[in-house]
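S.K.: Coordinates for the following, if possible.
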Amino acid sequence: MQDIPGWERVIRSLIADGKYDVFLTVSNSVLLSPEYVSRLCGRYVSIEVSPLSFKECLTFPSASDGSSTDKLFERYLRRGGFPIIWVSDGTDSDAYAILKDVRYAIVLRDLVKKHKIKDVDLLDRIIMYVCDNIGNITSLNNIYETLSKEYSSVGKDTIYKYAGYLEEAYLIRRADEYNIKGKKLLNPKYKFYLTDLGLRHAVMGYRSEDIAGYLENIVFIDLINRGYSVHVGNNRSKEIDFVAERGPDKLYVQVTYRLSSEDVIKREFGNLEGIDDNHPKIVVTMDSDWRSGNMNGIRYMHITDFLLSDEF
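M.R.: As a prediction, the model looks like this:
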C-alpha cells in the first residue's frame, strides 16, 4: 500500500467523509515512520500487533489434535507464534520454509528498501549475533567488537544504526539492565530478545542446548505483551532475569529450564530471596517435577501454567 502514490489522500478522504472506519495493516517500520505519520496528519490510532502468544495459539484448530499442553508448548517453542504457522498442522520444516520468507520480507522489503541499506550482509550478521546470544548480557559495543573482526572497515555508528533499524521493525527487543537497590538503569548493559523465536530457528536451526535462552525469550515477550515494562535486574551483582513493571504492579521473575540440582535451586530462589520488598517473586521452569508451589515465600510455576495464567 505504501508504494502506491497518493494513498494517504484516499485514506484522509474516507475518514473525512465520516462514514467509514479504516483499518490499515502494514509493517510498523514503514507506516509509523515520520514521513507517513505526517501525511496522515495525526488522524490515526496505532495498535501494535505481535505474533501470537502461547495462549492464543491454543485457540487454533491445529492445536486441537489431542496433544497435551506440554507437547503443544514444545511446538510453540520450535515454531513460534506467527498465525500462518498455526493455521494448519505441518511439520517443523514446513514452518521454517514459511518463516524464511517472512524474515526475507522484513529484512529486504522493509528495512533495506526503506533505509537504503547497502551492506545487507552486515545487517544479517547483526541479526545472527542477536540470535546466537539470546539471554546473554551484552552491549552494542560488544557487537561492534565482534563484527569489526570480520568487517575491518565498518564503523561503530553503522553497527548502532543497523541495530536501531532492527528494533524499529520489532524484529528484536531490548531489555536494559536495572539496578534494583539503586533503582536506576545500568546503561549500556542489556539483553536482546527476538519478537518471535520461529524466525531464529528457521535460519539457524533449533538447538536444544540453547533452550534456557529460548525460555527466557518467551517469558520476556509474554510480559511485554501483557503490558509490562521489562528490565534485566541486578541486585548486589546477582542477576534477576526480569523486573516487570506495569503501573503500580511489579513482578520479579527467574526463568530456568530445570531445577536439577541443589546449586541451581539455591541460585534461582536465592537471587530472589535477596530482594527486600514485598512484590511477587516467581521462578518459572519447564521442569515437570516443579509444577506449582511455594518455597520460602517464592512461587514456582511450570512455564505453560505461567503463560496461560490470567493472574499477572
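
S.K.: What segments of the stretch 151-300 of the chain are strands?
M.R.: Counting by DSSP state E, counting those that start in this stretch, the stretch 151-300 of the chain has strands at residues 172-179, 184-194, 229-235, 238-246, 249-256, 281-285, 292-295, 298-302.

S.K.: Deepest-packed of those, please.
M.R.: Per residue and on average, the most neighbours among the strands of the stretch 151-300 of the chain fall to strand 281-285, with a mean of 24 (mean count of other C-beta atoms under 10 Å). From N, CA and C alone the C-beta is placed, and that goes for glycine too.

S.K.: May I see the strands of the stretch 151-300 of the chain arranged in a markdown table, with mean pLDDT and distance to G66 as well?
M.R.: Below are the strands of the stretch 151-300 of the chain laid out as a markdown table (pLDDT from 0 to 100; distance: least, C-beta to C-beta, whole Å):
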| stretch | mean pLDDT | distance to G66 |
| --- | --- | --- |
| strand 172-179 | 87 | 34 |
| strand 184-194 | 76 | 30 |
| strand 229-235 | 88 | 35 |
| strand 238-246 | 92 | 33 |
| strand 249-256 | 96 | 29 |
| strand 281-285 | 97 | 25 |
| strand 292-295 | 94 | 24 |
| strand 298-302 | 97 | 20 |
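
S.K.: Between the ones you listed, which one is closest to F220.
M.R.: Closest to F220 of those is strand 184-194 (C-beta to C-beta; 4.9 Å).

S.K.: Show me what the longest helix anywhere in the chain is in contact with.
M.R.: The residue-count maximum for a helix in the chain (DSSP state H) belongs to helix 211-225. Where contact means C-beta atoms under 8 Å, 6 or more residues apart in numbering, the residues beyond helix 211-225 that reach it are 50, 53-54, 76-77, 134-136, 173, 175, 191, 193-197, 230, 241-242, 244, 251, 253, 255-257, 284, 286, 303, 306-307.

S.K.: how many neighbours does the residue nearest to E273 when sequence neighbours are not counted have?
M.R.: Of all residues not flanking E273 in the chain, N296 sits nearest, at 6.1 Å (C-beta to C-beta, 6 or more residues apart in numbering). The criterion is other C-beta atoms under 10 Å. On that basis, N296 has 9 neighbouring residues.

S.K.: Can you name the residues bridging to Y252?
M.R.: Under DSSP bridges, the beta-bridge partners of Y252 are V243, K281.

S.K.: Would you mind confirming that it makes contact with V243?
M.R.: Yes - if you go by C-beta atoms under 8 Å, Y252 and V243 touch, sitting 6.0 Å apart.

S.K.: any common contacting residues for these two?
M.R.: Joint contacts of Y252 and V243 (C-beta under 8 Å, 6+ apart) are G233.

S.K.: distance of A95 from D196?
M.R.: 11 Å (C-beta to C-beta, to the nearest Å).

S.K.: one step back: now tabulate the strands of the stretch 151-300 of the chain in a markdown table and tack on distance to T69.
M.R.: Formatted as a markdown table, the strands of the stretch 151-300 of the chain follow (distance: least, C-beta to C-beta, whole Å):
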| stretch | distance to T69 |
| --- | --- |
| strand 172-179 | 26 |
| strand 184-194 | 23 |
| strand 229-235 | 24 |
| strand 238-246 | 23 |
| strand 249-256 | 18 |
| strand 281-285 | 15 |
| strand 292-295 | 13 |
| strand 298-302 | 9 |
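
S.K.: before we move on, back to that, joint contacts of A95 and D196?
M.R.: With C-beta under 8 Å, 6+ apart as the test, A95 and D196 both reach G80.
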